[in-house]
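Chemist: Got a sequence here, can you build the structure:
(one chain, ligands or ions: 1)
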Amino acid sequence: VYVLADRDRLTLIDGGWAMEDSERRLTEALRSLDFDTADITDILVTHIHHDHYSQAVAIRRKYGARVSLGAQEQPNIDAIAAAAQSGRTPFDAESLRRLGADDLAATLGGRAGGPSPHGSEMSEYPDTWLPDRARVRCGAHDLEAVATPGHTRGHVVYRDPDQGNLFAGDHVLPHITPSIGFEPAGSRWALRDFLQSLRLLRDMPDARLLPAHGPVTDSAHARIDELLEHHAQRLDQILAAVTERGSATAYEAAGALRWTRRELSLTDLDPFDQMLATRETAAHLEVLAWQDRLTLEERDGVVGYARR
Ligand SMILES: [Zn+2]
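Modeler: Below you'll find the model as predicted:
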C-alpha cells in the first residue's frame, strides 16, 4: 500500500486485505507520518483481488473514504456477489473439468463446501468505476489510470508521468511472475491480454516501478523485459510438452512442466496451487492456439490441444 498526501487529500494506492492485523499495521504506518486512518479520503485500487480491495471497502465503511476501481472489474464483483448469495466459492469446479482436472475439481470442490472465506466487502461496488486513461486528481500531480488487463480483466496501473512513478499493482512484480487466470469471471484470453498490457507499458516512457508486492526498483521496463522473456520460454516449454505427447489437456500439460523456482512437479504442489498452475497453463495453451502453433478441440466439455 502506498500513500500520497497533499493539503486536502490523503490517497492510498490499494487498500490491503481486510484483517485486524492489517488495519493495525496500516494505522501504525500512517501515524508514523502524522496521519490517521480516518484521514484517508481516496483509495485507488489496482484490481479486485482481496489483498488489494477488501480493506479499501472496510475503510470506506468505517471512515467514508472514496474507492475507485477499473471499470472492467465489474463482472468479477458480480460473480463474487452471485457466488456469495448461492453459498458457493466463486471458483467453480466446472471450469476445472473443462481443463481436464476432474480429480482436482473433486478435491477442491469437497473442501469448498462452505461460504467464501472472504468477507462481504468483496461483493461491494466501488464509488467510481475508472475507464481506461482516466485522470485521477491526487494532490499536485494528477495520476493516469491505464487499463492493463491480464492479471485480472479490470486491472489498472496508476502513472504519474511528472514524477516518473508507476504504481503497478500486480501487473509488474519484481520478484515473482503475476498469476494469470485467477479471477471469478475469467477470460480465456487472460495471457494474451497480459502480454499486450506489458508491451503497452514498454512503449510508454520508462518509470520507477512501485509494485504492490516487493521492493521499489528504478526501471519498470527492465522487469517487463524479463517477464516477456519468461512467458516466451514458458510458451516454448508448453508447446514442446504437447508436441511430445501429440495432444494434451491443460491439466496434462501442467503435469509435464516444472513449477516454482524449486522445479517441483505439479503433484508436489498443494491442491490450490495445482489449480493456479492448471489455469496458468490453460492461459498459455490458448495463446499457442491463437498463434496457430497448436490446434484446439473440445470433446465432451473438455478442451484438448494438439500439435499441428
Ligand atoms: Zn492480484
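
Chemist: do stretch 190-204 and the ion meet at all?
Modeler: No: with CB under 5 Å from the ion as the criterion, the ion is not reached by stretch 190-204; the gap is at least 11.9 Å. Bear in mind the C-beta positions are built from the backbone N, C-alpha and C, glycine included.

Chemist: quick one: average pLDDT of that stretch?
Modeler: Averaged across stretch 190-204, the pLDDT comes to 97.

Chemist: again, but for stretch 79-95
Modeler: Averaged across stretch 79-95, the pLDDT comes to 77.

Chemist: now it, how far from the chain's geometric center?
Modeler: Relative to its parent chain, stretch 79-95 has a centroid offset of 18 Å by CA atoms, centre = their mean, to the nearest Å.

Chemist: which sections of the protein are below the confidence cut-off?
Modeler: Across the chain, the ranges flagged by pLDDT under 70 are 88-92, 110-118.

Chemist: middle-most residue in it, spatially?
Modeler: Geometric centre of the chain, nearest residue: H151, 3.5 Å, by CA atoms, centre = their mean.

Chemist: SS state for that one?
Modeler: Assigned state for H151: coil (three-state reduction, DSSP: H, G, I helix; E, B strand; the rest coil).

Chemist: Surely it is in contact with G181?
Modeler: No: H151 is not in contact with G181 according to CB atoms under 8 Å; the separation is 9.3 Å.

Chemist: Quick check: the residue nearest to the centre of the chain vs D236, distance?
Modeler: Note on H151: its distance to D236, by CB to CB, to the nearest Å, is 22 Å.

Chemist: Quick check on the residue of the stretch 151-300 of the chain found nearest the ion: phi, psi?
Modeler: Here the stretch 151-300 of the chain gets closest to the ion at one residue, D170, 3.7 Å apart by CB to the ion. Per-residue torsions, D170: phi -100, psi 10 (degrees, to the nearest 10).

Chemist: That one: how many residues sit nearby?
Modeler: Close neighbours of D170, defined as other CB atoms under 10 Å, add up to 23.
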